[in-house]
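Trainee: model this:
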Amino acid sequence: MSYVPNRKTMLVVLAGLMLGGSQMAMAADPMVGGAAMYPTKNIIQNAVESADHTTLVAAVKAAGLVDTLEGPGPFTVFAPTNEAFAKLPAGTVDTLVKPENKDQLVKILTYHVVPGRLTAGKLAELASANGGKAVLTTVQGEQLTAWKGADGWWLTDAQGNKAHITIANVIQSNGVIHVIDTVLMP
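Mentor: The predicted structure follows:
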């Protein structure tokens with residue numbers, strides 16, 4: 001099932017652009033991590049090309065989630081950058097990618113995935129219908145909250161941490177990626 005924006009959604013997106021929300025604009029083949037992201041490729045095919053997502057790709061491989069994210073979806077992935085992973089306490093990533101910690105790694109990574117194709121316009125529509133906040137249930141089972149601040153769109157995780165969406169609407173053949181600057185925690 002694909003999402004077709006209605007007039008209200010388009011007006012919300014256009015208003016956001018006029019108010020300085022240009023990072024939410026959809027661009028043809030946007031650049032992420034120095035590489036063009038092609039809507040004809042799936043989430044994994046594009047992610048492996050991004051120099052900003054090498055840690056995420058390594059974690060997805062260690063968690064055994066490659067086949068899932070290459071599947072039909074659709075999925076919305078909130079993709080933390082290498083810098084986002086670097087904000088975690090020293091040694092956290094090295095510990096998580098160990099085979100004995102696979103369950104914890106899967107829990108964290110699937111907390112960054114929401115079923116469906118939630119573009120910035122759809123997030124805006126959901127937030128508008130819910131008092132300014134869109135509550136999203138992740139594949140992991142817990143919730144994230146999306147909301148718009150003065151400097152763009154943000155996510156709040158179950159721990160109260162906030163992640164800024166720095167690049168939105170990276171369209172994939174099996175979903176959409178939104179690049180974020182902080183690792184979310186269930």
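
Trainee: can you point me to the longest strand in this protein?
Mentor: Criterion DSSP state E: the longest strand present in the chain is strand 162-172.

Trainee: and that strand, what other elements does it pack with?
Mentor: For strand 162-172, the elements it packs on are helix 43-47, strand 75-80, helix 120-128, strand 152-156, strand 175-180, judged by 3 or more Cβ pairs under 8 Å, 6 or more residues apart in numbering; DSSP states H and E. Yep, even glycine has a C-beta here, placed from its N, CA and C like the rest.

Trainee: again, only using 7 Å
Mentor: strand 152-156, strand 175-180 (3 or more Cβ pairs under 7 Å, 6 or more residues apart in numbering; DSSP states H and E).

Trainee: Distance to Pro39 for those strands - can I get that in TSV?
Mentor: As requested, those are arranged in TSV below (distance: least, Cβ to Cβ, whole Å):
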stretch	distance to Pro39
strand 152-156	20
strand 175-180	9
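
Trainee: From Val170, how far out is Asp29?
Mentor: The spacing between Asp29 and Val170, counted by Cβ to Cβ, to the nearest Å, is 9 Å.

Trainee: Of those two, which one has the most company?
Mentor: For Asp29 versus Val170, neighbours defined as other Cβ atoms under 10 Å are more numerous around Val170 (25 against 13).

Trainee: Double-check that one against Ile177; I have them as touching.
Mentor: Yes: counting by Cβ atoms under 7 Å, Val170 touches Ile177, with 4.1 Å between them.

Trainee: which neighbours do Asp29 and Val170 share?
Mentor: Common contact partners of Asp29 and Val170 (Cβ atoms under 7 Å, 6 or more residues apart in numbering): Met37.

Trainee: Is the residue nearest the centre of the chain bridged to anything, and to what?
Mentor: By Cα atoms, centre = their mean, the chain has its centre lying nearest to Phe78, at 1.4 Å. With DSSP bridges as the criterion, Phe78 is bridged to His178.

Trainee: And the helices in the chain?
Mentor: Assigned by DSSP state H, the chain shows helices spanning 7-18, 43-47, 54-63, 66-70, 82-86, 92-96, 102-110, 120-128.

Trainee: ok now the last one, how far from the chain's centre?
Mentor: In terms of Cα atoms, centre = their mean, to the nearest Å, the centre of helix 120-128 is set 14 Å apart from its chain centre.

Trainee: List the buried residues for that helix?
Mentor: Neighbour-count burial for helix 120-128, counted by 16 or more other Cβ atoms under 10 Å, picks out Ala120, Gly121, Lys122, Leu123, Ala124, Glu125, Leu126, Ala127.
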